[in-house]
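**Student:** Let's see this in three dimensions:
(one chain, ligands or ions: 1)
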Amino acid sequence: MSDSIHIAVVGSGYVGLVAAVCFAEMGHSVVCVDNDQQKVSALQGGESLIHEKYLPDLLQRYRNARVRFTTDLSAATREAQAIFIAVGTPQSETGDADLSYVEAVASEIARSITTYKVIAEKSTVPVYTNEWIRRVMERNGVSREMFDVVSNPEFLREGTAVADFLHPDRIVVGTDSNRAADIMSKIYEPLTSGRYYAKAGAIDGVCNRDTPPPLLRTSTKSAEIIKHASNAFLALKISFINAVSNLCEAADADVEQVAQGMGLDSRIGPKFLRPGIGYGGSCFPKDVAAFRSVAEQLGVNFALLTEVENINADQKRRFLSKVRSALWTLRGKKLAVLGLAFKGGTDDIRDSPAIELVRMLMEEGCSIRAFDPAAMQRAEQVLPPGPNFQYAVDPYDAATDVDALLILTDWAEFGRLDLQRLAATMRYPIVLDGRNLYDPELMLENEITYFSVGRPTRHHTP
Ligand code: UGA
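**Tutor:** This next block holds a predicted model:
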């Protein structure tokens, strides 16, 4: 295909792997590089490694053809017109993003360059990383005409990663080079022109939009800040509604009604106003801390972010107190836990509030039977089964003979349980819902005492 660009994606984690198969779906020729031979072999064999809709199908369709997997970064660099860096930027002890993987990749690219390349940062990185990559290249003897560094942040969510990548709200390209901007525009042309969406069999988006996504060109530093500021703002929205939910509990009001009333204001919008047990995952906690640290280093007072983190940590403690007050004491209590992933639709347990709550409850002397539709295999590595912790085969198995059932992850199927069966299975029909998946009236009709977040509690009196 004449419009096809040769792309290398470095890193086969969430962002890297999804970007690689989606670029192939858009018609490009992609090499995905990872230094973990086991991962590369699994991907070559068509194993998708993460629980993500559409990924297995796309992998089957394109692997070893339009998407190849390799450990050889030098060869991939030589072939590619554009190289996307999508390696991890974990949180260091000080809260900063640890950029050692990014630096290692940049050095290796520098040693292999023979023709002009666009080097695009897809990992979430602090402002100025772009300049650091540029310096690493120059320090390794690569002249300025041989490359441009572009910031192209990714906004996909886990659980809807493929659909989000192909239906972005916006594509941000931060660069001061027209040559690099031109190549980036060609890469995203199937989306920005709408051509991809007209194709038979195109993957649908979660929120269908009427117009193709805009490509926003900015300076590199602005693009870097857009990514951190977006994630921090979404985390702020969640902490805000969580604080409001605490206020609603104190005033005997209903936070769901409040969120609806706020969200109908188009300046506020209804999304990310779901209260719960706090945000988790591999992005928000790390990115809020990194953004706070960037602000500190630049001498800017951004104490608001500290408060976002405080509210988030407090939300888990408040839920624990709720369990305690529902059961009077915790020691020796038998609980069912539904959900271990950090959110529904994924098997990812990194920084999962559910896992943290399970640990807190076990420290208080509870014994737990847990169920998650996708995350139990991963959870076993951090929560091995033992006398006080077991895995169940389904929600009803988890609920057998328990003193209370806790919903900790917003899996859609947890909102469609057979409540009669559930109540009959439990020793006491008490449900503590950390994700507000049920209408309190419905629970009452089913003779279940129901505690949720930011809503009046409905006690069933037998
Ligand atoms: C987040 C952003 O939404 C993506 O745009 C971004 O690309 C990604 O981080 C990243 O930087 O890689 P993700 O972490 O996959 O995506 O998940 P979200 O759907 O944003 O949820 C994050 C956490 O917030 C979850 O624990 C979720 O349960 C919680 N949440 C979300 C709420 O408690 N309330 C809400 O209203 C929304």
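**Student:** If you tally nearby residues, what's the number for Arg455?
**Tutor:** 24 (other CB atoms under 10 Å). All C-beta spots, glycine's among them, are computed from the backbone N, C-alpha and C.
**Student:** Tell me the pLDDT of it.
**Tutor:** pLDDT, Arg455: 95.
**Student:** repeat for His459
**Tutor:** 69.
**Student:** for the helix or strand hosting Val244, packing partners?
**Tutor:** Val244 belongs to helix 220-251 when assigned by DSSP states H and E. Judged by 3 or more CB pairs under 8 Å, 6 or more residues apart in numbering; DSSP states H and E, the packing partners of helix 220-251 are helix 129-139, strand 147-151, strand 171-174, helix 255-263, helix 284-297, helix 303-327.
**Student:** Check whether it comes near the ligand.
**Tutor:** Yes. Legend: contact between helix 220-251 and the ligand by CB under 6 Å from any ligand atom is shown at 231, 234, 238.
**Student:** now do stretch 447-457
**Tutor:** No. Stretch 447-457 does not reach the ligand (CB under 6 Å from any ligand atom); its nearest approach is 9.7 Å.
**Student:** which residues are contacting that stretch?
**Tutor:** Stretch 447-457 has contacts (CB atoms under 8 Å, 6 or more residues apart in numbering) with 242, 244-246, 248-249, 252-256, 258, 275-277, 319, 322, 326, 419, 422-423, 428-436, 438, 440, 443-444, 458-460, 462.
**Student:** can you pull the buried residues of it?
**Tutor:** Neighbour-count burial for stretch 447-457 flags 448-455 (criterion: 16 or more other CB atoms under 10 Å).
**Student:** Could you do stretch 358-371 as well?
**Tutor:** Within stretch 358-371, the residues that count as buried by 16+ other CB under 10 Å are 358, 360-362, 366-371.
**Student:** mind listing which of the residues you listed are in strands?
**Tutor:** The strands, defined by DSSP state E, take in 367-371 from those.
**Student:** Now narrow these to whatever sits close to the ligand.
**Tutor:** Answer for those near the ligand: none qualify (CB under 6 Å from any ligand atom).
**Student:** The residues you listed into JSON lines, with extra columns for pLDDT?
**Tutor:** Output for these, formatted as JSON lines (pLDDT from 0 to 100):
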{"residue": "Ser367", "pLDDT": "98"}
{"residue": "Ile368", "pLDDT": "98"}
{"residue": "Arg369", "pLDDT": "98"}
{"residue": "Ala370", "pLDDT": "98"}
{"residue": "Phe371", "pLDDT": "98"}
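**Student:** quick revisit: distance to the ligand, mean neighbour count and mean pLDDT added to the helices and strands packed on helix 220-251, as TSV?
**Tutor:** Conversion of the helices and strands packed on helix 220-251 to TSV gives the following (distance: least, CB to the nearest ligand atom, whole Å; neighbours: other CB atoms under 10 Å; pLDDT from 0 to 100):
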stretch	distance to the ligand	mean neighbour count	mean pLDDT
helix 129-139	15	18	91
strand 147-151	14	26	96
strand 171-174	11	23	98
helix 255-263	9	17	98
helix 284-297	5	21	94
helix 303-327	9	17	97
